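Engineer: Generate coordinates for the sequence data below:
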Amino acid sequence: MALDTSKIGKTYPPHEYEVGREKIREYANAVGETNPVHHDRSAAREQGFRDVVAPPMFAVVYSTGAIGPALFDPELGINFARMLHGAQEFVWSEPVCAGDTITTVASVKDLYERDGMQFFVFESVSTNQDGREVARGTWTNIVRGG
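Structural biologist: Reported below is the predicted structural model:
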């Protein structure tokens with residue numbers, strides 16, 4: 001099935017995520033992050049943060065809720081039986097701290113075919129409660145031909 005490139009630019013509804021202190025601690029523990037700013041409010045404040053600060057890749061936690069509807073969009077027709085995770089990139093800005101409310105909007109950034117494979121590229125833009133961008137992600141999924 002040929003890709004419908006008219007879907008490039010399609011935007012999905014925003015996803016809101018309230019960042020909890022314990023969620024940051026749990027994530028930090030899961031990835032082996034031992035820096036006290038990710039576990040202890042006092043240590044985080046001593047370093048100039050408002051509260052416990054999320055490790056950078058916590059971006060996956062608060063942005064996945066926006067990426068899900070894009071991936072499962074029936075208009076895109078992704079064949080999950082043949083899909084591979086191709087790449088994931090983030091650019092970080094404002095730190096994310098416990099107590100923040102992060103809103104993420106996902107969109108179709110690019111759709112193309114190469115060497116018998118389909119590439120589905122999504123972009124997520126996450127902002128905090130003050131409207132400041134905290135992370136911008138590029139999510140590339142590849143569907144093998146056959």
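Engineer: Next up, the contacts around Gln88.
Structural biologist: Each residue near Gln88 by C-beta atoms under 8 Å, 6 or more residues apart in numbering is listed here: 60, 137-140. In this view, the C-beta of every residue, glycine as well, is placed from N, C-alpha and C.
Engineer: same question for whichever strand or helix holds it, mean pLDDT?
Structural biologist: If you go by DSSP states H and E, Gln88 is part of strand 83-92. For strand 83-92, mean pLDDT rounds to 94.
Engineer: Sort out which residues of that strand are buried, please.
Structural biologist: Across strand 83-92, burial judged by 16 or more other C-beta atoms under 10 Å covers Phe90.
Engineer: ok now that strand, how far from the chain's centre?
Structural biologist: Offset of strand 83-92 from its chain centre (C-alpha atoms, centre = their mean, to the nearest Å): 9 Å.
Engineer: cool, and stretch 37-49?
Structural biologist: Distance of stretch 37-49 from the chain centroid (C-alpha atoms, centre = their mean) equals 24 Å.
Engineer: ditto for stretch 96-105
Structural biologist: That offset, for stretch 96-105, works out to 12 Å (C-alpha atoms, centre = their mean).
Engineer: Can you give me the first-to-last residue distance of it?
Structural biologist: 16 Å (C-alpha to C-alpha, to the nearest Å).
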